[in-house]
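Peer 1: one predicted model, sequence on top.
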Amino acid sequence: MTSNKEIRPVRKAVFPVAGLGTRFLPATKAVPKEMLTVVDRPVIQYVVDEAREAGIEHLVFVTGRNKGAIEDHFDIQFELEHTLKERGKTEGMEILAKALPEAGQTSFTRQQAPLGLGHAVWCAREIVGNEPFALLLPDMIMQDKVGCLSQMMAVYNKNGGNVVSTEEVDWEQTHKYGIVEKGEGVEGGFRITGMVEKPDSGTAPSNLFINGRYILQPEIFGLLAKQEPGAGGEIQLTDAMLTLAKEQDMYGFTFRGRTFDCGSKEGFVKANIAYAVTHPDLSDGLRAELKTLLETVGT
């Protein structure tokens, strides 16, 4: 195993957004699941904001059919902005400007067939090139005072290698997740000595699951190109990471904030509530309404 003595900056982030979102039909029949809103922002905006907060300079979206709304969202909407300006809606203009990446900071490439997360990452190889990159799963919204990826960057900048974000789960639930094996501690995290996807009950090496944030070295692309299909006939990222871990350092970081899986209806609703009760325009009224609902439901 080799350690990366030269710690190269992480400038690019990959967002695999080609999924169909069938669990949200009919809402996602014509609207990408990533564009469903949590309070007043699309899910993908939260994830992009997290990446930009961490210093990411280039956003790489791996898309599929009928995902044009995502590209439009991260572009100028001339008619809307012109109307806001004419009507003196400066607050709305500021909101749009804050969410808009600078020209040349976004790239879009197609995953032409649903062949798994590993294949989606591989589709970004030409845009990422030979440099480390972040990978953020767009269904996962992380809530904390400091963004999850920013905290991971601190671990990466101290140790180099590859960094995977993990989170604690009840031992009884480990069979539902990809679980890491925890080794010796390093500054800000720990070495990963193994990974297993959805271990049988009672066999998990830890209760730390991979929660959808990664910093990976570019050698992963070569491994994905040769990776045989795994579970479900798909190219599994975890399988390639296991191979990479034999050649490079693999570190884990434990996220202590809250994670909402917006790819599930329950997680999506929880995210809306969690962000709404902290929203300055909604908090007081919503807290009162939730209290009333909880007191009256079922009566």
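Peer 2: Sure, I can see it.
Peer 1: show me what contacts Cys272?
Peer 2: No Cys there; residue 272 is Asn. Asn272 makes contacts with Val38, Val39, as judged by C-beta atoms under 8 Å, 6 or more residues apart in numbering. (C-beta placed from N, C-alpha, C; glycine too.)
Peer 1: what about it, distance to Leu293?
Peer 2: According to C-beta to C-beta, to the nearest Å, Asn272 stands 14 Å off from Leu293.
Peer 1: one more: Ala204?
Peer 2: Ala204 is 37 Å from Leu293, by C-beta to C-beta.
Peer 1: same check on Pro132?
Peer 2: 46 Å.
Peer 1: between those two, who's got more neighbours?
Peer 2: Pro132 (23 against 9; other C-beta atoms under 10 Å).
Peer 1: quick one: the strands in the stretch 51-200 of the chain?
Peer 2: 58-63, 106-110, 133-136, 140-143, 162-168, 178-186, 189-197 (DSSP state E, counting those that start in this stretch).
Peer 1: for Phe268, find the nearest of those strands.
Peer 2: strand 140-143 (9.2 Å; C-beta to C-beta).
Peer 1: and that closest one, what does it pack onto?
Peer 2: helix 43-53, strand 208-216, strand 258-261, helix 265-276 (3 or more C-beta pairs under 8 Å, 6 or more residues apart in numbering; DSSP states H and E).
Peer 1: pLDDT value on the nearest residue to Lys176 once chain neighbours are set aside, please?
Peer 2: Nearest residue to Lys176, sequence neighbours excluded (C-beta to C-beta, 6 or more residues apart in numbering): Lys198, at 6.5 Å. What the model reports as pLDDT for Lys198 is 86.
Peer 1: burial measure for Lys198, as a count.
Peer 2: That count, for Lys198 with other C-beta under 10 Å as the rule, works out to 13.
Peer 1: next one: Lys98
Peer 2: 9.
Peer 1: pLDDT weak spots in this structure?
Peer 2: 1-5, 231, 298-299 (pLDDT under 70).
Peer 1: cutoff 80 now
Peer 2: 1-5, 230-233, 297-299 (pLDDT under 80).
Peer 1: may I ask you to name the longest helix in it?
Peer 2: Longest helix of the chain, by residue count under DSSP state H: helix 283-296.
Peer 1: buried residues in that helix, which are they?
Peer 2: Buried residues in helix 283-296, defined by neighbour count with 16 or more other C-beta atoms under 10 Å: Leu286.
Peer 1: give me the helices and strands touching that helix, please.
Peer 2: So helix 283-296, by 3+ C-beta pairs under 8 Å, 6+ apart, packs with helix 265-276.
Peer 1: and what about His279, helix, strand or coil?
Peer 2: coil (DSSP: H, G, I helix; E, B strand; the rest coil).
Peer 1: how many other residues sit next to Arg110?
Peer 2: Neighbour tally, Arg110, other C-beta under 10 Å: 13.
Peer 1: I'd like the strands of the stretch 51-200 of the chain as JSON lines, with distance to Ile70 appended.
Peer 2: Shown next, in JSON lines, are those (distance: least, C-beta to C-beta, whole Å):
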{"stretch": "strand 58-63", "distance to Ile70": "6"}
{"stretch": "strand 106-110", "distance to Ile70": "8"}
{"stretch": "strand 133-136", "distance to Ile70": "14"}
{"stretch": "strand 140-143", "distance to Ile70": "16"}
{"stretch": "strand 162-168", "distance to Ile70": "23"}
{"stretch": "strand 178-186", "distance to Ile70": "26"}
{"stretch": "strand 189-197", "distance to Ile70": "28"}
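Peer 1: just say which of those is most tucked in.
Peer 2: Greatest average neighbour count among these goes to strand 133-136 (a mean of 25), per mean count of other C-beta atoms under 10 Å.
Peer 1: dump the C-alpha coordinates for it into PDB.
Peer 2: Provided in PDB are the C-alpha atoms of strand 133-136 (Å, rounded to 0.1, in the frame of the first residue of the first chain):
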ATOM      1  CA  PHE A 133     -12.200  14.400  -6.800                       C
ATOM      2  CA  ALA A 134     -15.100  14.500  -4.500                       C
ATOM      3  CA  LEU A 135     -18.200  12.300  -5.100                       C
ATOM      4  CA  LEU A 136     -21.500  13.400  -3.600                       C
END
